[in-house]
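In: Quick check, what structure comes out for this input:
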Amino acid sequence: MSAPVQAETVRLIFGLAREGSGSSGPMGVKFIATHLDASGIRTRDGGRWGVDAVHKVLTRTTHIGRLSGSHRPHGKTRQSDRGVHRAAFVAAQAS
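Out: Sure thing, here's the model as predicted:
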């Protein structure tokens with residue numbers, strides 16, 4: 001799976017967590033995993049989505065462009081065009 005496809009999947013997961021699929025309200029991780037599998041969207045390794053994989057996407061701070069430790073000098077952060085907006089990340093954490 002290419003980086004743009006991965007980024008779009010990450011954005012979709014955050015959108016489903018915040019707003020749902022249009023016919024539903026905000027979705028939990030189990031319903032998101034089911035929705036992705038039913039839509040034929042696979043993980044970056046080509047596998048099916050599970051609760052743990054969706055949860056990791058929703059809680060991984062690198063999706064908002066925050067890198068820490070040895071990845072960035074002096075704890076600096078950057079916004080990445082691959083990730084999601086910080087507000088979407090914070091909203092997903094609250095739900």
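In: And P4, what's its pLDDT?
Out: For P4, the model assigns a pLDDT of 73.
In: And the next helix or strand past the strand or helix carrying it?
Out: Here P4, judged by DSSP states H and E, is contained in helix 3-19. Using DSSP H and E, the helix or strand that directly follows helix 3-19 along the chain is helix 29-38.
In: helices or strands up against that following helix?
Out: Packing partners of helix 29-38 (3 or more C-beta pairs under 8 Å, 6 or more residues apart in numbering; DSSP states H and E): helix 3-19, helix 51-59. Any C-beta I mention is one placed from the backbone N, CA and C, and that applies to glycine too.
In: how about these in CSV, adding mean neighbour count?
Out: Compiled in CSV, those are given as follows (neighbours: other C-beta atoms under 10 Å):
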stretch, mean neighbour count
helix 3-19, 17
helix 51-59, 17
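In: Relative to R42, which of the ones you listed is closest?
Out: Comparing the helices and strands packed on helix 29-38 against R42 with C-beta to C-beta, the closest turns out to be helix 3-19 (8.9 Å).
In: now the angle from the closest one to helix 29-38?
Out: Using axes from the mean of the first three to the mean of the last three C-alpha atoms, to 10 degrees, the inter-axis angle of helix 3-19 relative to helix 29-38 is 140 degrees.
In: that older thread, just flag whichever of the helices and strands packed on helix 29-38 has the lowest average confidence.
Out: helix 3-19 - the lowest mean pLDDT of these, at a mean of 88.
In: what angle separates it from helix 51-59?
Out: Put simply, helix 3-19 runs at 90 degrees to helix 51-59, going by the same axes, to 10 degrees.
In: got the CA coordinates for helix 3-19 in PDB?
Out: Taking Å, rounded to 0.1, in the frame of the first residue of the first chain, the C-alpha atoms of helix 3-19 are listed here in PDB:
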ATOM      1  CA  ALA A   3       1.900   6.300   1.500                       C
ATOM      2  CA  PRO A   4      -1.000   8.300  -0.100                       C
ATOM      3  CA  VAL A   5      -3.300   5.300   0.200                       C
ATOM      4  CA  GLN A   6      -2.200   4.800   3.800                       C
ATOM      5  CA  ALA A   7      -2.800   8.500   4.600                       C
ATOM      6  CA  GLU A   8      -6.300   8.400   3.100                       C
ATOM      7  CA  THR A   9      -7.100   5.300   5.200                       C
ATOM      8  CA  VAL A  10      -5.900   7.000   8.400                       C
ATOM      9  CA  ARG A  11      -8.000  10.100   7.600                       C
ATOM     10  CA  LEU A  12     -11.000   7.800   6.900                       C
ATOM     11  CA  ILE A  13     -10.500   6.100  10.300                       C
ATOM     12  CA  PHE A  14     -10.500   9.400  12.100                       C
ATOM     13  CA  GLY A  15     -13.500  10.600  10.200                       C
ATOM     14  CA  LEU A  16     -15.400   7.400  11.100                       C
ATOM     15  CA  ALA A  17     -14.500   7.800  14.700                       C
ATOM     16  CA  ARG A  18     -15.600  11.500  14.700                       C
ATOM     17  CA  GLU A  19     -18.600  11.500  12.400                       C
END
